[in-house]
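Enquirer: for reference, the sequence and a predicted model appear below.
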Amino acid sequence: MEPDDDQAQARVRENVRAQEIVRTEMLAREEVRAAFRAELTLRHRMAIAAAMLVTFVIGILIGAYGLRPAENRALVGVMPPERWGREAELDRVGDAALGSGQPALGLAATPTAWPLSVYVSGAVARARIVRVPPGSLVADVLEAAGGSTADADLDALNLAAPVSDNQHVLVPTLRAPVMPDSRAGSGSPLGTGQPPIDINKASASDLERLPDIGATRAEAIVAYREAHGPFDRVDDILAVPGIGPVIYERIAPLITVGP
């Protein structure tokens, strides 16, 4: 009977050992599963945190740049200043409204370049400050001022020259203004069919009757004559400062030299 008891005890010990092995393997598998679940949970939380961080940064960027009020865009150059629209509107309705201070209404804000402010005076229909787009020429400025007058000397200007901001365009006249003389008959401009003026005897007021000869040029002729003596020929007047070939061609038929 003793050998059978030993065999039974051996079988019991083997069963116990097998159960312990199975239990150990199950515990190991459970630990692996728990570690895997913990890793998945950590990754999930990290992904949620990253998504929340990205959403937060995007919200800050949109709040700072994407949803800026329209009235603040003038500060960053998206819209032109309000002064622009008011001045452009007042130019269309006339200079009489310049002092009214009424704001311009219904003007579309467009990202265009600043206009050029150019002052036009002289022989133009209306001396004023005009506003023209960049790249405009002198001809465009004259047109904006209403065009030139009949006595404008356009040959003295380069109508194809570009203008710049704050420039002054002065349109000269063909004839200098004639100053009337207090003496009878001497203040009227000299015209065709009248006796020529003797430049060796004429006074400054008489010389002012000639085309393009104002008070300054007339006094220069008299001063030159007193300093150098009488003129020998008509073309000697070209030696007077301020008398050039263009002026000489206009006054030559109207002057003479006497003894």
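Expert: Cool, got the structure. Bear in mind the structure is a predicted one, so any value in this text is a computation, not a measurement.
Enquirer: which residue ranges form the helices in the protein?
Expert: 2-61, 82-93, 138-144, 204-207, 215-228, 245-251 (DSSP state H).
Enquirer: reformat those helices as JSON lines; add mean pLDDT.
Expert: Formatted as JSON lines, the helices of the chain follow (pLDDT from 0 to 100):
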{"stretch": "helix 2-61", "mean pLDDT": "86"}
{"stretch": "helix 82-93", "mean pLDDT": "51"}
{"stretch": "helix 138-144", "mean pLDDT": "93"}
{"stretch": "helix 204-207", "mean pLDDT": "92"}
{"stretch": "helix 215-228", "mean pLDDT": "92"}
{"stretch": "helix 245-251", "mean pLDDT": "89"}
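Enquirer: make JSON lines from those helices and add distance to His168 and mean neighbour count to it.
Expert: Any C-beta I mention is one placed from the backbone N, CA and C, and that applies to glycine too. Below are these laid out as JSON lines (distance: least, C-beta to C-beta, whole Å; neighbours: other C-beta atoms under 10 Å):
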{"stretch": "helix 2-61", "distance to His168": "48", "mean neighbour count": "10"}
{"stretch": "helix 82-93", "distance to His168": "19", "mean neighbour count": "15"}
{"stretch": "helix 138-144", "distance to His168": "10", "mean neighbour count": "19"}
{"stretch": "helix 204-207", "distance to His168": "31", "mean neighbour count": "19"}
{"stretch": "helix 215-228", "distance to His168": "22", "mean neighbour count": "16"}
{"stretch": "helix 245-251", "distance to His168": "23", "mean neighbour count": "14"}
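Enquirer: and the ones you listed: which comes nearest Pro172?
Expert: helix 245-251 (11.7 Å; C-beta to C-beta).
Enquirer: ok, residues contacting the closest one?
Expert: 210-213, 217, 235, 237-238 (C-beta atoms under 8 Å, 6 or more residues apart in numbering).
Enquirer: give me the low-pLDDT residue ranges for the stretch 51-200 of the chain?
Expert: Applying pLDDT under 70 to the stretch 51-200 of the chain flags residues 66-113, 175-193.
Enquirer: one more time with 50
Expert: 70-86, 90, 96-98, 103-107, 176-187 (pLDDT under 50).
Enquirer: quick revisit: among the helices of the chain, which comes closest to Ala150?
Expert: helix 138-144 (13.6 Å).
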